[in-house]
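I'd like to go over a predicted model; first the sequence, then the structure.
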Amino acid sequence: MYIKDLRLRNYRNYESLNISFSPNINVFLGHNAQGKTNLLEAMYFLALTRSHRTSNDKDLIRWGSDFSRISGLVIKDNTSKLKLDLVVSKSGKKAKLNNIEQRKLSSYIGNLNVVLFSPEDLSIVKGNPGIRRKFIDMEFGQISNQYLQTVSQFRSVLKQRNAYLKKLQHHQSKDLVYLEVLSDQLAGYCAEVVRTRLDFLGKLQGHIEKIHDQISDHQEILKIKYSSFYDSTDKTVENIYDIYKQAFKDNTQKEIQRGVTLFGPHRDDIKFLINDKNVQDFGSQGQQRSVALSLKLAEVELIKEQVGDYPVLLLDDVLSELDQKRQTHLLSSIGNGIQTFITTTSLEDVDQKIVKNPNILNITNGKVQQEEI
Ligand SMILES: Nc1ncnc2c1ncn2[C@@H]1O[C@H](COP(=O)(O)OP(=O)(O)OP(=O)(O)O)[C@@H](O)[C@H]1O
């Protein structure tokens, strides 16, 4: 799939933009703070209805404006066209697909698939578990609508259960039967969320192992392990449901005392192991970078496998961060028909021996100019 056209109105430092892209490699070239990342962010937002930089959608609205509009024309399987449209205003955001308003964002997400590489990816390996949970929920969510919906139902019941645990904690209620009803519902969603995560991680594992084997010159075996308070290996949905039901039953008093749900996928993590050692604890900076790169490249392959089309790649300032070997690996693996956007302050960072005939777009202060080559 590829983004043919992008239109912006009052988006960050773009007042009005209407631009067409190459289905191959596009380079956004410009000095600092001119609006290169803003363009990648706009495409990421168009795909996932979320920014990778801010959790506050209103930040996207051009200063002094009341709303922001991002529209794109996406071509799939080289023939079918899909029009995506998002409007952010003070009252929230609205999504349209082919001019039809979508009541739920979950029916909108997944129509355009993107994978973003940025220097912050290292935090998926090094950072706290919350970053990794967000990563898997976002990435698996753009592959599976079902997963998005289950996660949203899980969150809603979790919220209700936490609110009720607080009530019990403050003696505003004594009804433990209602807690049991909520626990039962939550155990069901926990089981579905965890089982889907395990399935997708299993598929991701196949890709990441092969990719990392090449990146490490056949020196390292990279594995991803799901980490929870129990061993999830080979567990069915029913097994996982039983484990959560039992955990809620055994820890009722503890949870009431704390006023919060102590077990569930919102507490889980994933671990990256190189030759069986946890990369977070024992990996060098270089190894951690390689894991982040392998993970993103594996995600590209997973999306291709699951949706039947390659995602659009967004490379935000990553080339200058990678050494020659990793850069060559990244650029050569995107060379085969994957639409790619690269931001850079200097064309010297883009190895033109590998990146052939890029479409170069000069970015200056929220204006884009196509360069003739
Ligand atoms: N809501 C907004 N309204 C208007 N301008 C904004 C808004 N948000 C950010 N900007 C402006 O956008 C510019 C930053 O753009 P961007 O982050 O895309 O830079 P960049 O070209 O990627 O730079 P770098 O090379 O430093 O990463 C800044 O000038 C900033 O003031």
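Yep, that arrived.

any chance of the backbone angles for Asn113?
For Asn113, the backbone dihedrals (degrees, to the nearest 10) come out as phi -100, psi 130.

which pLDDT value belongs to it?
We have a pLDDT of 97 for Asn113.

that one against Val312, yeah?
Yes - counting by C-beta atoms under 8 Å, Val312 is a contact partner of Asn113 at 7.0 Å. Where C-beta positions appear, they are placed from N, C-alpha and C, glycine not excepted.

so for the two, which residue has more residues nearby?
A direct count of neighbours by other C-beta atoms under 10 Å for Asn113 and Val312 places Val312 higher, at 28 against 24.

give me every residue in the stretch 251-373 of the chain lying close to the ligand.
Asp317, Thr343, Thr345 (C-beta under 6 Å from any ligand atom).

doesn't Glu255 fall inside a strand?
No - Glu255 is assigned helix when assessed by DSSP: H, G, I helix; E, B strand; the rest coil, not a strand.

what sits against it?
Residues near Glu255 by C-beta atoms under 8 Å, 6 or more residues apart in numbering: Leu165, Phe248, Thr261, Leu262.

doesn't the third one lie inside a helix?
No - assessed by three-state DSSP, Thr261 does not belong to a helix; its assignment is coil.

roughly how far does it sit from Leu112?
From Thr261 over to Leu112 the distance is 34 Å, taken as C-beta to C-beta, to the nearest Å.

quick check: pLDDT value at the closest residue in space to Phe154 that isn't next to it in sequence.
Spatially, and ignoring its direct neighbours in sequence, Phe154 is nearest to Tyr189 (3.8 Å; C-beta to C-beta, 6 or more residues apart in numbering). As predicted, Tyr189 sits at a pLDDT of 98.

right, and Tyr189 touches Lys159 too?
No - counting by C-beta under 8 Å, Tyr189 stays clear of Lys159, with 11.7 Å between them.

the two: who's more crowded?
Tyr189 (22 against 11).

which residues sit in contact with the more buried one?
With the criterion set at C-beta under 8 Å, 6+ apart, Tyr189 makes contact with Thr150, Gln153, Phe154, Val157, Leu158.

centre of the chain to the least confident helix or strand in the chain by mean pLDDT, how far?
Sorted by mean pLDDT, DSSP states H and E, the helices and strands of the chain end with helix 324-334, the least confident at a mean of 81. In terms of C-alpha atoms, centre = their mean, to the nearest Å, the centre of helix 324-334 is set 21 Å apart from its chain centre.

got a list of contacts for that helix?
Counting by C-beta under 8 Å, 6+ apart, 25, 117, 211, 214-215, 289-290, 293, 297, 300, 313, 315, 318-319, 322, 340, 351, 354-355 sit against helix 324-334.

neighbours around Asn32, how many?
Neighbour tally, Asn32, other C-beta under 10 Å: 7.

how about Glu371?
Count around Glu371 with other C-beta under 10 Å applied: 12.
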